[in-house]
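[1] for reference, the sequence and a predicted model appear below.
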Amino acid sequence: MKKSHPIRRAVLAGAATVSGIVLLLSLKPASDPASAQGAAAPQQSAAAQESPQGGSGQQSSSGARTVTGDVAQTQYGPVQVRITVSGGKITKSEVVQIPTGGRSTQVSNSSVPRLNQEAVAAGSADIDAVSGASYTSAGYKKSLQSALDKAKAQGGGTSGAAGSAGGAGSSGSSGSSGSSAPPQAPAAQARTVTGDVAQTQYGAVQVRVTVSGGKITKAEAVQAPKGGLSDQKTALAVPRLNREAVAAGSADIDAVSGATYTSAGYKKSLQSALDKAGG
């Protein structure tokens, strides 16, 4: 019996050692939170970086800016226009507020889409009023001009201004470098020319064009028949004639159905303006 005591002690000592190792192994993960926090930190910082990059990248990639004009009060309610400007041009125009209720809703639904299209096509607030929506058209143009003024104040220069500035910068740098090469010709500047007045059976028609680089970039009617049915015909015909003149680049455009006299006068005055411009 006395010889068995050392064996028991060895067994007990071994069991105690194993128990100690097991306890140590079970306690070891408790030291891991620091490493777990260290691994989680980069994930949090990466996630934190995503939102500012997404926001700034969206603005810088397209370069488009949205500007809302002031509210223009009209006899039938407020009108407010919001535009999107990119590269010095209006790429989108829409209304934020518009007269509603009763007949105003019908008038707004028929006039606003046309006003939006005209604003984008003209690139300015110099657009024709929609027949039957004189007050809405006036309020739209006023708010549109306000939005354009704000865009300009925020640094939204036109493409023409940017081009001239770039040309000035390049000529200045070439001059300072002392290059013997002849100075480059300045970029073509836009010119506005007004054609002669063309008399028609229903009134005078006069067209003004903007020419740049030998092309018509804008056409508009300075005078057009007014009063009674002429207002409606002018509102329908002139915007189409303006677009046709820019697209064709000449006075060889089709007459608008139902506005034969106005179309003929428009083409005559347009040709006069092109002759003056040397086109």
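    Structure's in. What do you need?

[2] for the rest of this, base every contact and every neighbour count on C-alpha atoms.
    Noted.

[3] show me where pLDDT drops low in this protein?
    Screening the chain residue by residue with the criterion pLDDT under 70, one finds the ranges 1-6, 22-62, 156-188, 279.

[4] try it again with 50
    For the chain, the stretches flagged by pLDDT under 50 are 1-2, 29-60, 157-181, 185.

[5] how about the strands in it?
    Ranges of strands in the chain, per DSSP state E, are 65-68, 72-74, 77-86, 89-97, 191-194, 198-200, 203-212, 215-223.

[6] select, out of those, the one closest to residue 229.
    With distances scored as Cα to Cα, the stretch of these nearest to residue 229 is strand 203-212 (12.1 Å).

[7] okay, now residue 213: neighbour count?
    11 (other Cα atoms under 10 Å).

[8] and if you look at residue 76?
    So residue 76, with other Cα under 10 Å, has 14 neighbours.

[9] separation between it and residue 216?
    Distance, residue 76 to residue 216, by Cα to Cα, to the nearest Å: 37 Å.

[10] re the thing from before, want to try JSON lines for the strands of the chain, with distance to residue 19 and mean neighbour count as columns?
    Rendered in JSON lines, the data for the strands of the chain read as follows (distance: least, Cα to Cα, whole Å; neighbours: other Cα atoms under 10 Å):
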{"stretch": "strand 65-68", "distance to residue 19": "71", "mean neighbour count": "18"}
{"stretch": "strand 72-74", "distance to residue 19": "85", "mean neighbour count": "19"}
{"stretch": "strand 77-86", "distance to residue 19": "74", "mean neighbour count": "22"}
{"stretch": "strand 89-97", "distance to residue 19": "76", "mean neighbour count": "19"}
{"stretch": "strand 191-194", "distance to residue 19": "96", "mean neighbour count": "18"}
{"stretch": "strand 198-200", "distance to residue 19": "110", "mean neighbour count": "19"}
{"stretch": "strand 203-212", "distance to residue 19": "92", "mean neighbour count": "22"}
{"stretch": "strand 215-223", "distance to residue 19": "91", "mean neighbour count": "20"}
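
[11] of these, which is nearest residue 8?
    Evaluated over the strands of the chain, closeness to residue 8 peaks at strand 65-68, with 87.0 Å, by Cα to Cα.

[12] my guess is residue 197 contacts residue 269. True?
    Yes - Residue 197 sits in contact with residue 269 when judged by Cα atoms under 8 Å, with a separation of 6.1 Å.

[13] ok so, going back, now the strands of the chain as a markdown table including distance to residue 125?
    What follows is the strands of the chain, written out as a markdown table (distance: least, Cα to Cα, whole Å):
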| stretch | distance to residue 125 |
| --- | --- |
| strand 65-68 | 14 |
| strand 72-74 | 14 |
| strand 77-86 | 11 |
| strand 89-97 | 11 |
| strand 191-194 | 17 |
| strand 198-200 | 25 |
| strand 203-212 | 15 |
| strand 215-223 | 12 |
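
[14] got the contact list for residue 84?
    Each residue near residue 84 by Cα atoms under 8 Å, 6 or more residues apart in numbering is listed here: 64, 65, 66, 67, 90, 91, 92, 93.

[15] do you know how far the last one is from residue 82?
    Here the distance between residue 93 and residue 82 works out to 6 Å (Cα to Cα).

[16] for residue 224, phi and psi?
    For residue 224, the backbone dihedrals (degrees, to the nearest 10) come out as phi -160, psi 150.
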